[in-house]
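Chemist: only geometry, no sequence info:
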């Protein structure tokens, strides 16, 4: 039996490849920080799933020692194979907000297989946040930490726009990993 804090396997059943799914794939939109707990519920309910996970290393503030965390690559989502009965089991856990139907199964399987094989080869991936034009963000790391700007599309490239009232605007390209939407950054 798994203890609290143990990580579920990324794939259940562990010996099955992504394209060997027993039923159509669906995506569960999960309540915050419930991804791994839902995966453990899937194991208990014998529901096939794939939850790609990555290792994130951060430094503790008190002693600067590294802290390693195993996190879902796509936080807030769990891919699973199911019939209607299995979907009802997932809703019954209280961890699922909604279930998304995957219309193009073949395309989804191909994309997930690429993620699966990349992680199986030990190649690290990291989630990439994409901000839509018009999003106000704050830079939270690097030499521009604290700067607030708006994401705008300029010549097919997303840029951070800095404005000075009465003078105009200046644009720069910045790594999305260094910014957060203004309401989250506070």
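Modeler: All right, it came through fine. For clarity, every value in this text was computed on a predicted model and none was experimentally measured.

Chemist: Where in this protein is the helix or strand with the lowest mean pLDDT?
Modeler: Across the helices and strands of the chain, mean pLDDT, DSSP states H and E gives its lowest value to helix 182-185, namely a mean of 66.

Chemist: Quick one: residues contacting residue 27.
Modeler: Taking CB atoms under 8 Å, 6 or more residues apart in numbering as the criterion, residue 27 is in contact with 77, 78, 79, 80, 99, 100, 102. Yep, even glycine has a C-beta here, placed from its N, CA and C like the rest.

Chemist: From those, list just the buried residues.
Modeler: Burial by neighbour count, 16 or more other CB atoms under 10 Å: within these this picks out 77, 78, 79, 80.

Chemist: Am I right that residue 55 sits in a helix?
Modeler: No: Residue 55 sits outside any helix when classified using DSSP: H, G, I helix; E, B strand; the rest coil, being strand.

Chemist: what number of residues lie near it?
Modeler: Neighbour count of residue 55, defined by other CB atoms under 10 Å: 9.

Chemist: who does it bridge with?
Modeler: On DSSP bridges, the residues paired with residue 55 through beta bridges are residue 70.

Chemist: quick one: it and residue 67 touch, right?
Modeler: No: with contacts defined as CB atoms under 8 Å, residue 55 does not count as touching residue 67, sitting 10.9 Å away.

Chemist: Low-confidence ranges, this protein, go.
Modeler: Within the chain, the stretches falling below the threshold (pLDDT under 70) are 1-5, 163-167, 184-186.

Chemist: Go again with 90.
Modeler: For the chain, applying pLDDT under 90 flags the ranges 1-6, 15-22, 55-61, 64, 67, 82-89, 117, 120, 122-186.

Chemist: May I have the secondary structure class of the residue nearest the centre of it?
Modeler: Nearest to the mean C-alpha position of the chain, counting by CA atoms, centre = their mean, stands residue 74 at 2.0 Å. State at residue 74, reduced to three classes by three-state DSSP: coil.

Chemist: That one and residue 155, how far apart?
Modeler: 30 Å (CB to CB, to the nearest Å).

Chemist: how about the strands in the chain?
Modeler: Using DSSP state E, the strands of the chain run over residues 11-12, 25-30, 49-50, 53-59, 66-72, 77-81, 96-101, 136-139, 148-154, 157-164, 168-172, 179-181.

Chemist: Pick the most deeply packed of those.
Modeler: Neighbour counts (mean count of other CB atoms under 10 Å) averaged over each of the strands of the chain peak at strand 49-50, with a mean of 24.
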